[in-house]
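Undergrad: The amino acid sequence is not available; the structure is as follows:
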Ligand code: NAP
């Protein structure tokens, strides 16, 4: 039976450590706020934004909420970001994605000062990650590294296969695993012999956005399986990219959905906010 990697417990552990750090910073007179901008009222985004504000409250940092109407123009949004970039009290700026289609997401990401880009999406932070320089790291892949390390799963020298090459998960995940000295293979929708490649993995990280796509035939006996996917099944229950019931008996360790990678993303966002305050 596989060890269940408990993201809920590990994320709480991280948030408790951050809470202590924030209290110490306050004693030194260092405070700051996270600005959370949401355009429109996409139901999933509303849940994410609410959870991010709750996490701020938990660790003791202020959150400033900007709930803008769907009709907000790109210029109005960029003007608000300019204002927040110039405000010293604001230590982090987060624009909840996706944005309405009339707004260019890349332009918005680039307009955030890299020093306040706590999501780690700005090209300067992405570049820093790839050349091993300090900067903010995208929260979900950073969370996966913490899950592995805090579960005493060694990464160095391991054969790691990443399924998916998105800018927010797959690519930064590959850079981080490389930084941890894994041997990394990145697969995607055009990969030939996907199953055989995945079956070579000591650590298989799945981020393809396809409900319960990965079954036992993709997994080597004893592999560690990290499921980044997030979906609702026919009964409206959360599930991942991995067929959990089938893969769990083959794996040595596995993340559940919910309660695996999901809670880590917000914990690492809080970590980036505290890092910004410390800077
Ligand atoms: P995305 O932008 O849609 O990217 C999906 C990637 O998977 C693409 O690179 C795509 O390849 C690849 N892919 C799609 N079908 C494939 C297949 N059949 N075989 C191999 N590769 C395939 O998705 P994302 O934003 O990275 O998110 C992935 C999943 O993680 C989603 O379920 C999302 O909801 C979830 N997610 C969860 C969290 C969290 O906090 N837990 C955070 C972010 C994302 P191509 O590049 O060739 O198209």
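TA: Structure's in. What do you need? Since we're looking at a predicted model, the values are computed, not measured.
Undergrad: if you average pLDDT over the helix or strand harbouring residue 26, what comes out?
TA: If you go by DSSP states H and E, residue 26 is part of helix 7-27. Average pLDDT, helix 7-27: 98.
Undergrad: hmm, it touching the ligand?
TA: No - counting by CB under 6 Å from any ligand atom, the ligand has no neighbours in helix 7-27; the shortest distance is 8.8 Å. In this view, the C-beta of every residue, glycine as well, is placed from N, C-alpha and C.
Undergrad: List the buried residues in that helix.
TA: Residues 7, 10, 11, 14, 15, 18, 19, 21, 22, 25 are the ones in helix 7-27 that count as buried (16 or more other CB atoms under 10 Å).
Undergrad: With adjacent residues omitted, what lies nearest to the first one?
TA: In space, and not counting its chain neighbours, residue 7 is closest to residue 260: 4.4 Å by CB to CB, 6 or more residues apart in numbering.
Undergrad: can you map out the helices along the stretch 1-150 of the chain?
TA: 7-27, 43-59, 74-86, 105-111, 123-130, 139-150 (DSSP state H, counting those that start in this stretch).
Undergrad: same question but for the stretch 151-279 of the chain, I mixed them up
TA: Using DSSP H, counting those that start in this stretch, helices in the stretch 151-279 of the chain cover 170-179, 194-198, 244-247, 261-278.
Undergrad: show me the contacts for the residue of the stretch 1-150 of the chain found nearest the ligand.
TA: Going by CB to the nearest ligand atom, the ligand is nearest to residue 140 of the stretch 1-150 of the chain, at 4.1 Å. Residue 140 makes contact with 168, 169, 173, 207, 228, 261, 264, 265, 268 under the criterion CB atoms under 8 Å, 6 or more residues apart in numbering.
Undergrad: how close does it get to residue 15?
TA: 16 Å (CB to CB, to the nearest Å).
Undergrad: ok, what's across the strand from residue 204?
TA: residue 161, residue 225 (DSSP bridges).
Undergrad: what's the pLDDT at it?
TA: Confidence score, pLDDT, at residue 204: 99.
Undergrad: hmm, back to that, among the helices of the stretch 1-150 of the chain, which one carries the weakest average confidence?
TA: Looking at the helices of the stretch 1-150 of the chain, the bottom one is helix 43-59 with a mean of 92.
Undergrad: and that one, does that touch the ligand?
TA: No - Helix 43-59 lies apart from the ligand when judged by CB under 6 Å from any ligand atom; the minimum separation is 8.6 Å.
Undergrad: Please spell out which residues along that helix are buried.
TA: Using 16+ other CB under 10 Å as the test for burial, helix 43-59 gives 45, 48, 49, 52, 55, 56, 58, 59.
Undergrad: List just the nearest of these to residue 162.
TA: residue 48 (23.1 Å; CB to CB).
Undergrad: shouldn't that closest one be in contact with residue 97?
TA: No - with contacts counted by CB atoms under 8 Å, residue 48 stays clear of residue 97, the gap being 9.4 Å.
Undergrad: on that earlier part again, quick check: the gap between the residue nearest to residue 7 and residue 199.
TA: 21 Å.
Undergrad: try residue 142
TA: In terms of CB to CB, residue 142 sits 27 Å off from residue 199.
Undergrad: what's the answer for residue 27, then?
TA: Applying CB to CB to residue 27 and residue 199 gives a distance of 52 Å.
Undergrad: how many neighbours does residue 28 have?
TA: Number of residues near residue 28 (other CB atoms under 10 Å) recorded here: 7.
Undergrad: Against residue 18, how distant is it?
TA: Residue 28 is 16 Å from residue 18, by CB to CB.
Undergrad: One more: residue 66?
TA: Counting by CB to CB, the gap from residue 66 to residue 18 is 23 Å.
Undergrad: can you check residue 237 too?
TA: 30 Å.
Undergrad: Not counting sequence-adjacent ones, nearest residue to residue 108?
TA: residue 95 (5.6 Å).
Undergrad: Contacts only, for that neighbour.
TA: 37, 39, 77, 81, 108, 109, 112, 119.
Undergrad: Same question for residue 74.
TA: Contacts of residue 74 by CB under 8 Å, 6+ apart are 102, 103, 104, 107, 108.
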